[in-house]
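Chemist: Return a 3D structure for these sequence lines:
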Amino acid sequence: QVQLVESGGGLVQAGGSLRLSCAASGRTFSWYAMGWFRQAPGKEREFVAVISMNGADTYYADSVKGRFTISRDNAKNAVYLQMNSLKPEDTAVYYCSAAPKVAFSKDEYFSWGQGTQVTVSS
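Modeler: Below you'll find the predicted structure:
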């Protein structure tokens with residue numbers, strides 16, 4: 001198992017940037033694909049981005065493609081989400097999660113952090 005703690009959320013104006021971090025415990029971090037999801041009030045938790053175990057492959061939701069970048073540092077047991085050109089519709093609680101393989105459905109992820117709030121004002 002791996003335990004996850006997100007940080008880096010906050011309040012930002014539209015067009016601004018934020019960098020989210022997710023710190024993982026455990027020595028098996030590099031065994032897992034890592035994903036970012038988000039959940040806005042009254043909505044389902046949705047896929048944002050995922051990165052493969054070695055970081056070679058990344059995938060994004062259409063809504064964030066070209067604006068967000070996922071990366072990881074296996075030596076530091078960390079995964080990041082750089083968010084640029086933020087829009088009010090990006091407002092949500094952002095979660096990082098681990099999965100045994102690259103996946104796009106939250107049902108395939110087995111470990112979740114507590115989330116970090118991102119609020120984008122117009």
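
Chemist: Touching, residue 7 and residue 18? I think so.
Modeler: No: taking contacts as CB atoms under 8 Å, residue 7 lies outside contact range of residue 18: 10.7 Å. Every C-beta, even on glycine, is put in place using the N, C-alpha and C of the backbone.

Chemist: Comparing these two, which residue is more hemmed in?
Modeler: Set side by side, residue 7 and residue 18 show more neighbours around residue 18, with 21 against 12, by other CB atoms under 10 Å.

Chemist: hang on, isn't that one packed against residue 90?
Modeler: No: checked against CB under 8 Å, the pair residue 18 and residue 90 is beyond contact range at 9.1 Å.

Chemist: Which neighbours do these two have in common?
Modeler: 83, 118 (CB atoms under 8 Å, 6 or more residues apart in numbering).

Chemist: For burial, what's the neighbour tally of residue 69?
Modeler: Neighbours of residue 69 using other CB under 10 Å come to 16.

Chemist: same thing with residue 110?
Modeler: 12.

Chemist: And it, how close does it get to residue 31?
Modeler: Look at residue 110 and residue 31: by CB to CB, to the nearest Å, they are 12 Å apart.

Chemist: For the two, list the residues in contact with both.
Modeler: Contacts common to residue 110 and residue 31, judged by CB under 8 Å, 6+ apart, are residue 100.

Chemist: If residue 112 is in a bridge, with which residues?
Modeler: residue 97 (DSSP bridges).

Chemist: whoops, I mixed them up, residue 46
Modeler: Here residue 46, judged by DSSP bridges, has bridge partners residue 38.

Chemist: if I look at residue 29, how far off is residue 44?
Modeler: For residue 29 relative to residue 44 (CB to CB), the value is 27 Å.

Chemist: so which helix or strand takes in the residue nearest to the spatial centre of the chain?
Modeler: Residue closest to the average C-alpha location in the chain (CA atoms, centre = their mean): residue 36, at 2.4 Å. Assigned by DSSP states H and E, residue 36 belongs to strand 33-39.
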